[in-house]
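Participant: need a structure here:
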Amino acid sequence: EDMGFIDSLNGLLADANPMVVANAVAALAEIDEMSDGDVFRVTNANLSKLQAALNLCTEWGQVFILNALARYVPRSAEQAEQICERVVPRLQHANAAVVLGAVRVVMLYLDKIVSRDAVDALQRKLGPPLVTLLSKEPEVQYVALRNIHLVVQKRPAVLAHELKVFFCKYNDPIYVKMEKLELLIMLANERSVEPVLMELKEYATEVDVEFVRKAVRAIGRCAIKIEPAAKRCVGVLLDLIATKVNYVVQEAIVVIRDIFRRYPNTYEAVIGNLCENLETLDEPEAKAAMVWIVGEYADRIDNADELLEGFLDNFVDEPAAVQLQLLTAVVKLFLKRPKRTQALVKTALDLATEKSDNPDLRDRGFVYWRLLATNPAAAKAVVLADKPLIRDTSSHYDAPLLDELVANISTLASVYHRPPESFVSKMKGKQKTFKHRQARAAAARAAEPRTAVESDDDDEGTYESESASASASASTAAAAAGDGTAREASEWLAAAAGGGLGVTGAFARADDDTPVAELTLRNESAAPLSGLALQFNKNVLRLAPTTPALAVPSLAPGQSAVCLVPLAHSGAAADAPAETIDVAFKTNAGVFYGKARCPLWVGFERDGRLGKQDYLQQWKALGDDVERRHALTRCAVRAAGAAAARLAAHNVFEVAQRPGAAAGETLLYASTAVDGVPLLFELAFDGTSDAKLSLKTARLELDAMAAASIQAILR
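Facilitator: A predicted model of the protein is given here:
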């Protein structure tokens, strides 16, 4: 870098030869991945060059350029649509890598497009190329299916009408069949479930045992997912049980147990069919499922005590999972038929507490024994309590992880379904994740020099370049101000309202520009507090903890601790803007609710920097109707240069300065963005502690919060 190599590579992005452009992109991207700073920037200046080279270079050059476009964050919905239109022809390419690279770009940009018609049109164009990939070699099919899994979870409409292409062929390798089964379940709905069930029933008669088990489980997952189809699914499972194929029967019993949990008191008529197969059960999971069914519906099975007694004969030799389930089932039976089963429950408790070396089993036995001996009513309330309904979440990922994986479509991360830093050991601590690239998207717009802006409109005035002395004074002011941040701690939860937990917190931004919450936790109760977790209600910045659990395992009485909570803009948006967020803290003492003061500057984005011409165009386009003026008082900084340095620490970027109309007045023009929406500022400084602020934005509801944040930063 010191020798100008990086600058030379960046200069090659403007070369007339598309192959030179593609190779420069490949080199810069690889260097950027391994470096600590931002080496490769896709800006408006080189964006058009990349798009032009995309259609002219080789297939691997196209892959490099598509990867570069995936790093770019469009300035507007219109720009996102324009780029997608340039990328869509690559979906027809013969090379699967080019196709998946184009899919990746379109999937990322769809989130930026606001037109419903445009989104629908692009989604329709994504389907056929993905289907075409399934006609290639099995290895390519597998990679395509793993990527399709992410596409379908993010946007089900892309392949909603292509269900039959995922029906398994007789000569498909087992790994392809397994992936197709997952996609069949994901795409199945009330209208299409019938042909899916017929396919799954056929698969359950094949010779590959593992595939048959997966098919039987898929039938149960369809029942749990699609309530109107549950009865039909149960009928198919009964047909499979009637085949008397041992491993099919056992898998079907496990599946029916789950259906009973999803639809209690609905399909219990089939219990008789299940009991006929008790003697054939030899797998722990199937045995445990059958024991659970007998215990749960003991009041409807006349000979439930005999059935459970048969299992007790071999209690010591059974696996731990069966023993635990059998103990609970016997206790349930006793609570429902106490007079007939006293000897049976005593035998089960004796076996669990005296004959077993398993600590979990012994503990459960002692708990049941104490409950039954001291408070049978409490035992009944605990053991026979209503159970929460289950749902199928086995193939779904949390939104932040899904976004990360979609951003890595066409890479190994999309095949493993894991973030790249979790398996690329040599890159840990160095590799930049999707979140980091998004947070640093400002670099893609920072290539333009921070000089004055010349306006062709005399009414708008003339911007003058910042002098070297002004730059020096800004740097000096920034150094004098420390870190320059306006973080302000407030009480999030009073100890009196938090079961003894008191919390003081402040929002800030980490070195990589991601938001964090700095919390001070205090235990003012007489008992230890553990299991600390935090959740946010919906808010204007869509902030949410990346993980609910706090990095403080416990607090002893009188103890306090400080922790950082990483945040992400992944939550739900509030209906109306407010500077407070409703928060919930969970401890072993319960759940307690408080409020966190969150200024808007926490959401100011690095990619809110605008070039001079863009600033002028947007200021004019917004018009005078949306301009809001505010008076700022008691400002700690009184000069535009010092204010620019302090604002820059909060992602409010200077565009230019110029003299104002009044004597000694200096105007500072700056910009930022919130959730991709630009905020434009004009600040007037006259050397006193008072300043004037003019603000324009398309989201006028943010006006008051934005002005309050600027005031807080300058104080």
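Participant: Local confidence estimate at Asp458?
Facilitator: The per-residue pLDDT reported for Asp458 equals 34.
Participant: How about Pro359?
Facilitator: If you check Pro359, the pLDDT there is 91.
Participant: I'd like to know how many residues surround it.
Facilitator: Applying other CB atoms under 10 Å, we find 8 residues neighbouring Pro359. (Glycine included, C-beta is placed from N, CA and C.)
Participant: Give me the distance between it and Glu285.
Facilitator: Between Pro359 and Glu285 the distance, using CB to CB, to the nearest Å, works out to 22 Å.
Participant: again, but for Ala321
Facilitator: In terms of CB to CB, Ala321 sits 7 Å off from Glu285.
Participant: Kindly report the same for Cys233.
Facilitator: Distance, Cys233 to Glu285, by CB to CB: 19 Å.
Participant: Please say which of the two ends up with more neighbours.
Facilitator: Using other CB under 10 Å, the more surrounded residue of Cys233 and Glu285 is Cys233, with 25 against 16.
Participant: what about the nearest residue to that one once chain neighbours are set aside, neighbour count?
Facilitator: Distances taken as CB to CB, 6 or more residues apart in numbering place Ala223 nearest to Cys233, at 3.6 Å, with adjacent residues excluded. Ala223 has 27 neighbours, counted by other CB under 10 Å.
Participant: residue contacts, Ala223?
Facilitator: With contacts defined as CB atoms under 8 Å, 6 or more residues apart in numbering, Ala223 is in contact with Ala229, Ala230, Cys233, Val234, Val255, Ile259, Arg262.
Participant: Nearest spatial neighbour of the first one, chain-adjacent residues omitted?
Facilitator: Looking back up the chat, that one is Ala229. Using CB to CB, 6+ apart, the nearest residue to Ala229 is Val193, at 4.3 Å.
Participant: The residue nearest to Cys233 is in what secondary structure piece?
Facilitator: helix 209-225 (DSSP states H and E).
Participant: Report the rounded mean pLDDT for that helix.
Facilitator: On average, helix 209-225 scores 92.
Participant: Okay, buried residues for that helix please.
Facilitator: Within helix 209-225, the residues scored as buried using 16 or more other CB atoms under 10 Å are 211-225.
Participant: Same question for stretch 363-382.
Facilitator: Using 16+ other CB under 10 Å as the test for burial, stretch 363-382 gives Arg364, Gly365, Tyr368, Trp369, Leu371, Leu372, Ala379, Lys380.
Participant: Closest to Ser8 out of those?
Facilitator: Checking the buried residues of stretch 363-382 against Ser8 with CB to CB, the nearest one is Arg364 at 69.7 Å.
Participant: Now do the closest one against Leu324, distance only.
Facilitator: Distance from Arg364 to Leu324, by CB to CB: 6 Å.
Participant: gap between Ala377 and Val383?
Facilitator: Noted for Ala377: a distance of 11 Å to Val383, by CB to CB.
Participant: wait, I meant Glu682
Facilitator: Glu682 is 69 Å from Val383, by CB to CB.
Participant: again with Leu237
Facilitator: Counting by CB to CB, the gap from Leu237 to Val383 is 28 Å.
Participant: So which of the two has more stuff around it?
Facilitator: Remark: of Leu237 and Val383, Leu237 carries more neighbours, 28 against 17, as counted by other CB under 10 Å.
Participant: and the residue nearest to that one when sequence neighbours are not counted, what helix or strand is that in?
Facilitator: Leaving aside its sequence neighbours, Leu237 sits nearest to Ala252 (CB to CB, 6+ apart; 4.8 Å). Element membership of Ala252, judged by DSSP H and E, is helix 246-262.
Participant: what ranges do the helices span in the stretch 351-500 of the chain?
Facilitator: For the stretch 351-500 of the chain, the helices defined by DSSP state H, counting those that start in this stretch cover 359-374, 376-383, 399-406, 412-416, 434-439, 468-480.
Participant: pLDDT below threshold where in the protein?
Facilitator: Applying pLDDT under 70 to the chain flags the ranges 1-3, 36-38, 393-395, 425-487, 511.
Participant: same thing but at 50, please
Facilitator: 427-431, 433-436, 438-484 (pLDDT under 50).
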